[in-house]
Each structure stands twice: as C-alpha cells, then as structure tokens.
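A.B. asks: I need the structure of the sequence given here:
(chains A, B, C and D)
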Protein chains: 2
Amino acid sequence: MPRSPAKTPRKSARRPLFEPLEQQPAYGRVAAAIEQKILARSLRPGDPLPSETELARQFAVNRSTVREAVRRLESAGLVGRAAGSKRLRVTRPGHAATASSMSRALTLDDVTFIDLWEAMLAIAPRTAALAAAHARPENLERLALCIQTVETARGSEAAVAGVVDFFGSLAATSSNRVLILAMQPVTRLLAPSLRRMIDRVPQGRSRIVVAQRCIVEALRKGDANEAQSWMTRHVQDFRRGYEIAGISLDTRAGDA
Amino acid sequence: MPRSPAKTPRKSARRPLFEPLEQQPAYGRVAAAIEQKILARSLRPGDPLPSETELARQFAVNRSTVREAVRRLESAGLVGRAAGSKRLRVTRPGHAATASSMSRALTLDDVTFIDLWEAMLAIAPRTAALAAAHARPENLERLALCIQTVETARGSEAAVAGVVDFFGSLAATSSNRVLILAMQPVTRLLAPSLRRMIDRVPQGRSRIVVAQRCIVEALRKGDANEAQSWMTRHVQDFRRGYEIAGISLDTRAGDA
DNA sequence: ATCATCCGATTGTCGGACAATATACTGGAC
DNA sequence: GTCCAGTATATTGTCCGACAATCGGATGAT
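C.D. replies: Okay, the predicted model is just below:
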C-alpha cells in the first residue's frame, strides 16, 4: 500500500476536496438503473421489460443507447427472452448463465484438473450428505435415470453427459443453492477429460455406475454418512481413473 | 419428466432428423467470435482490440452491431478499457467481477444463511487442508495480519472485513483457483450477518481469533488434518454464534 | 370455444452524422 | 538526440432516421 509514506503535506493529499466525479457513459447508467430495479426486486423475474422505444423515451436517450445497455444486462443474465420470443423479460441469472461465466473465468485462469478434482472432493461429498437429508422419490428417480444413461449410452459423450447430469441432479437434490451453482462449472470443465478417461479405461464406466448406485442407495436410506463416504470414494476413483488413463493432473482444463 | 410415456412412435421422436438451426442475432455471433478468440488465447489479456469501425469492416456488419457485441463482452469482463482510455483491451475477468456476478446470482436466488453456511462447511475445511500443504511464510504472515485486524479493529465492520480477508487469503494460500473463486461470494454474502453476530455476541470475536490462530498454527506445521478439523470446528462455531445471536438461519442473505 | 388471418408493435440491422477527446504525429527548444 | 507543445487524425459516445422480418394480439370464420 503506497498510501501514506510521506507525511501528508496537505489536507488535499489525504482527502481531495473533490473526487473524480464518475462519468459513466449513458449506456452504463441506463444499465445500472435497470439492474438496480431488478436487484431491489422492484422488477421481478418474469416481468416483461418495456419496449426499447419506451425505455428510450423514459430515460430520454436514443434507442441505440438503450440497446447497448440491454446487451449488458442480457450478458449478465439479468434479462433474457424466452425461446422464439421477442419481448425481453426479467430473469434471475439462470444457473446456466452464471455457470458459464464461471467456467470462462476458470478457463482463463488456467485452472488445472487437480484444482477441479480437489474442488470436487471438497463439495461433492457434503453435497451427497445434504442430498441424503432432502432426497425425495422424484430425485431418486432422476438420479437413477442418469445412471442408466451412463450405463447404456453407446458413445462416451452421452455417458459423460449422464455423469455430469448425475452430479447436477445430486446438487439439485441437496437443494442448496450455493452447491448447485458451484457444481455446474466444475463438472462442465471436468467433462472433456472425463470423456477421455472413459475412452481409455474400459472398466471406468462400470466403476462409475457401481459407485453412483451405492450413493443413490444411501440416499434412499437417508444415510448421510454413507452417502458422503461413498461419494468420497467415488471422487477418489476418478483420480485413479485419470492416472490409469495417463492423463496428467496438472494439464489445463481448456474448454474450447 | 414427460419424456417418453408413449412408446416412441417414430424414430424422429427420439432423434429428430433436423435440430433447430441456431439463429443467433448478428451481435451475438460477433460477440461469440471475439469471445472464442479470447478463450482460445488467440487474443491475450492486454492485447488491444481493433477499433469498432475496423471490426465492423472485418465482420461486414454495421458499427452499431459491433457495439452491441462489445457491450456483451464488456459486461462479461472479457474486454475493458483502462481508466480514461479509449482503446478497448482484452482483460481476463478479474475475480472481483466474477465473484460479484455470482453474488448477484445467489442473492436473486434467495440463498439463505443455511445454504451459505453449509457451503462453507463443505469448502473451508478442505481449503484449509490444501493450504497446509502449500503454505509459505508470506501466506502465514498475511493470515496473521488478518487475525490481528479482527482482534484489534474498533468497529465490527472492520473486524468482519478481517474475517472475510482471512478466508480469502486462506483460499489464496491453497492456490486452488476453483476454491479461490468459490470462497469469495460465499464470504461476501455471509459478511453482513456475521457483522450482526459479532455485534450481538460479545465473546464471538475472540472465539474467532482463537480458532483462526489454531488454524494458522496448523498451517505452519504443515498439518493438513489438524488444519481441516480446526476449520470444521471454526465453521461450526459460526453457526452456534448465529443461534446465540438469534439470527434465523433461513433468512435470505439479501445483499443490497 | 377453436382456429386461421390480418395488422400493429417490436426487434434487428443498417446508413449516416456530429461533438468530444484520446492518440499519433509534427516541429521546435534544449 | 531528447523532450515538450501544438496540431491533425482516429475513435468513441450519442443521436437521428429507415426498413425488413416477425411476434403478439385482435379480428373474424367455423
């Protein structure tokens, strides 16, 4: 901190009389204004936004300016439009949007497999334990479906999608919003390497299926401890699979 | 899941011959193209982007379209401009940006304290364990500084900032990029309630200091197990503090 | 009530314009 | 030769107007 090495010769050095008045471009201010309304829940998810022309009128700026502002919110996931619809609506940043932004950040951060694996080892077992406490029949059904996908999928791509889906569904079962959010980018980034692993290690897939079956069984019994310990073993198994497949653990998890 | 109650009358139901060809607006495709170049590291942080006019020429679209695309990337934190500069440059999405976007998502998701606390219980202990393996003198020094801040800070606000900083520094010490990223929004959202807790529970602050000292001591010894178990106790202590302070665990962690 | 049809509203994209100013260049002072 | 001031150019922020495509809703027919 190069804050005050000198002896503050003048008051103005410590605390300038005027601070640089923030001069944000108009599109930024418009975006901020709308964002604030959303954050304050004055605009709630599902609510339609006024038309661009109307917004331009209300903010007294040009429609182009409004559009630029809207693009920002759109990218932040605060607004969006239903498929094949024209009207913009307020949306809570769908987990998809946030997760992909996290994935991007991690990718650019040169995250490695070992980072991802360790994160997985941290969150997945607790997630399983929580899921055991909250599991309802439809959750179990969904998880079983995921496992079946892994087991019967012809290509490795579909199998991996099944595994990713299993973890996502497990997080959903835990009904912990933080874990749901955190799980997504990790599994997504892990997916490509997992696919390679399944391709190279013949018994990999069946080991996954067995472990996941055990986890689901523990959930059915509502046994948090067992779910947690099975999940720990499951995740550790992944690592062994990587090693057998000869995938170096400190390679970057570049997404593409 | 109303997926296949019927008996899949035709092949086309299982696997449509044609999938809906993605028809993204031009600004979306432009943004995607630039994003891909950045993700693929063909454009690296610090590199300047061509001017809007030039981009418009290259993509063969109007400048307005390019601008909308750029707003998107800007909001995603993939590009930005240095203060008082005109030229756009590629920037990796700083953790600050990503973390705040995650906080926003969680806030709008009506995340509760219990969610946050459980997430904390999942990731903090493992983070501590990893930190024990990677701790270097400067890390320990920094952590000690955080603890001192907590101990000596006059107001509760500064003390809470110290606690948040402690966890952030711990994550940094673990050098796991995923955990670093995940830790930030959780602590940030936990902060306001933590402050109330410290305000209401007199002995809260000293308990925190004691626990954190033990954790740092474990790190110094490189004892991962001890670090992990102390951290577990530390986090569980938080919960007890909340209960003593009479803060309901399932209130929303609204940010503001 | 259900469905097809039509019209207005809205979005996506384009072209051009202009003020403010950051950046690059040019020439002079040392 | 280097450094600075002053000018010229490029670039951004914002505006205006226009038009095709198409979505949403009203209208009318069955």
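
A.B. asks: for residue A:83, helix, strand, or coil?
C.D. replies: Taking DSSP: H, G, I helix; E, B strand; the rest coil as the rule, one finds residue A:83 in the coil state.

A.B. asks: Now do the same contact list for residue A:144.
C.D. replies: Residue A:144 makes contact with residue A:216, according to CB atoms under 8 Å, 6 or more residues apart in numbering or on different chains. Using the backbone N, CA and C atoms, a C-beta is placed for each residue, glycine as well.

A.B. asks: and residue A:76, how many neighbours does it have?
C.D. replies: Number of residues near residue A:76 (other CB atoms under 10 Å in any protein chain shown) recorded here: 22.

A.B. asks: got the contact list for it?
C.D. replies: With CB under 8 Å, 6+ apart, residue A:76 has these contacts: A:35, A:93, A:97, B:75, B:101, B:104.

A.B. asks: ok, of those, which come out buried?
C.D. replies: Buried by 16 or more other CB atoms under 10 Å in any protein chain shown: A:35, A:93, A:97, B:75, B:101, B:104, out of the contacts of residue A:76.

A.B. asks: how much space between the fifth one and residue A:75?
C.D. replies: Meaning residue B:101. 10 Å (CB to CB, to the nearest Å).

A.B. asks: now do residue A:106
C.D. replies: 18 Å.

A.B. asks: now do residue A:89
C.D. replies: Separation of residue A:89 from residue A:75 (CB to CB): 16 Å.

A.B. asks: Tabulate the CA atom coordinates of whichever strand or helix holds residue A:140 in CSV.
C.D. replies: Element membership for residue A:140, per DSSP states H and E: helix A:137-152. Coordinates of each C-alpha in helix A:137-152 appear next as CSV, following Å, rounded to 0.1, in the frame of the first residue of the first chain:
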residue,chain,number,x,y,z
PRO,A,137,-38.7,-40.0,-4.6
GLU,A,138,-38.6,-38.0,-7.8
ASN,A,139,-35.0,-37.0,-7.1
LEU,A,140,-34.0,-40.6,-6.7
GLU,A,141,-35.8,-41.5,-9.9
ARG,A,142,-34.0,-38.8,-11.7
LEU,A,143,-30.7,-39.9,-10.4
ALA,A,144,-31.4,-43.5,-11.4
LEU,A,145,-32.2,-42.3,-14.8
CYS,A,146,-28.8,-40.6,-15.0
ILE,A,147,-27.0,-43.7,-14.0
GLN,A,148,-28.9,-45.7,-16.6
THR,A,149,-27.8,-43.2,-19.2
VAL,A,150,-24.2,-43.7,-18.2
GLU,A,151,-24.6,-47.4,-18.3
THR,A,152,-26.4,-47.8,-21.6
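
A.B. asks: Centre of the chain to that helix, how far?
C.D. replies: The chain centre lies 22 Å from the centre of helix A:137-152; the measure is CA atoms, centre = their mean, to the nearest Å.

A.B. asks: Out of the buried ones among the contacts of residue A:76, list just those in helices.
C.D. replies: Mapping the buried ones among the contacts of residue A:76 onto helices (DSSP state H) picks out A:35, A:97, B:75, B:101, B:104.

A.B. asks: With pLDDT added, can I get those in JSON lines?
C.D. replies: Formatted as JSON lines, those follow (pLDDT from 0 to 100):
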{"residue": "A:35", "pLDDT": "91"}
{"residue": "A:97", "pLDDT": "76"}
{"residue": "B:75", "pLDDT": "89"}
{"residue": "B:101", "pLDDT": "83"}
{"residue": "B:104", "pLDDT": "84"}
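
A.B. asks: And the furthest pair within those residues?
C.D. replies: Across these, the longest distance by CB to CB is 14.3 Å; it joins A:35 and A:97.

A.B. asks: Quick check: buried residues in the helix holding residue A:140?
C.D. replies: Buried residues in helix A:137-152, counting neighbours by 16+ other CB under 10 Å, are found at A:139-140, A:142-147, A:149-151.

A.B. asks: now do stretch A:176-188
C.D. replies: A:176-188.

A.B. asks: list the helices and strands whatever helix or strand residue A:196 lives in packs on?
C.D. replies: Element membership of residue A:196, judged by DSSP H and E, is helix A:177-200. When contacts are defined as 3 or more CB pairs under 8 Å, 6 or more residues apart in numbering or on different chains; DSSP states H and E, helix A:177-200 sits against helix A:95-108, helix A:113-134, helix A:156-174, helix A:204-221, helix A:224-245, helix B:95-108, helix B:113-134, helix B:177-200.

A.B. asks: can I get the CA coordinates of it in PDB?
C.D. replies: Provided in PDB are the C-alpha atoms of helix A:177-200 (Å, rounded to 0.1, in the frame of the first residue of the first chain):
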ATOM      1  CA  ARG A 177     -28.400 -23.100  -4.000                       C
ATOM      2  CA  VAL A 178     -24.700 -22.400  -3.500                       C
ATOM      3  CA  LEU A 179     -23.700 -26.000  -4.100                       C
ATOM      4  CA  ILE A 180     -26.000 -26.200  -7.100                       C
ATOM      5  CA  LEU A 181     -24.300 -23.200  -8.600                       C
ATOM      6  CA  ALA A 182     -20.800 -24.300  -7.700                       C
ATOM      7  CA  MET A 183     -21.200 -27.800  -9.000                       C
ATOM      8  CA  GLN A 184     -22.000 -26.800 -12.500                       C
ATOM      9  CA  PRO A 185     -18.800 -25.200 -13.700                       C
ATOM     10  CA  VAL A 186     -16.700 -27.800 -12.100                       C
ATOM     11  CA  THR A 187     -18.400 -30.700 -13.700                       C
ATOM     12  CA  ARG A 188     -18.600 -28.900 -17.000                       C
ATOM     13  CA  LEU A 189     -14.900 -28.300 -17.100                       C
ATOM     14  CA  LEU A 190     -14.200 -31.800 -15.900                       C
ATOM     15  CA  ALA A 191     -16.300 -33.300 -18.600                       C
ATOM     16  CA  PRO A 192     -13.900 -33.300 -21.600                       C
ATOM     17  CA  SER A 193     -11.200 -35.000 -19.600                       C
ATOM     18  CA  LEU A 194     -13.700 -37.400 -18.100                       C
ATOM     19  CA  ARG A 195     -14.600 -38.400 -21.600                       C
ATOM     20  CA  ARG A 196     -11.000 -39.200 -22.500                       C
ATOM     21  CA  MET A 197     -10.800 -41.200 -19.300                       C
ATOM     22  CA  ILE A 198     -13.800 -43.300 -20.200                       C
ATOM     23  CA  ASP A 199     -12.500 -43.800 -23.600                       C
ATOM     24  CA  ARG A 200      -9.200 -45.100 -22.400                       C
END
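
A.B. asks: now it against helix B:95-108, angle please.
C.D. replies: Using axes from the mean of the first three to the mean of the last three CA atoms, to 10 degrees, one finds that helix A:177-200 and helix B:95-108 are set 120 degrees apart in direction.
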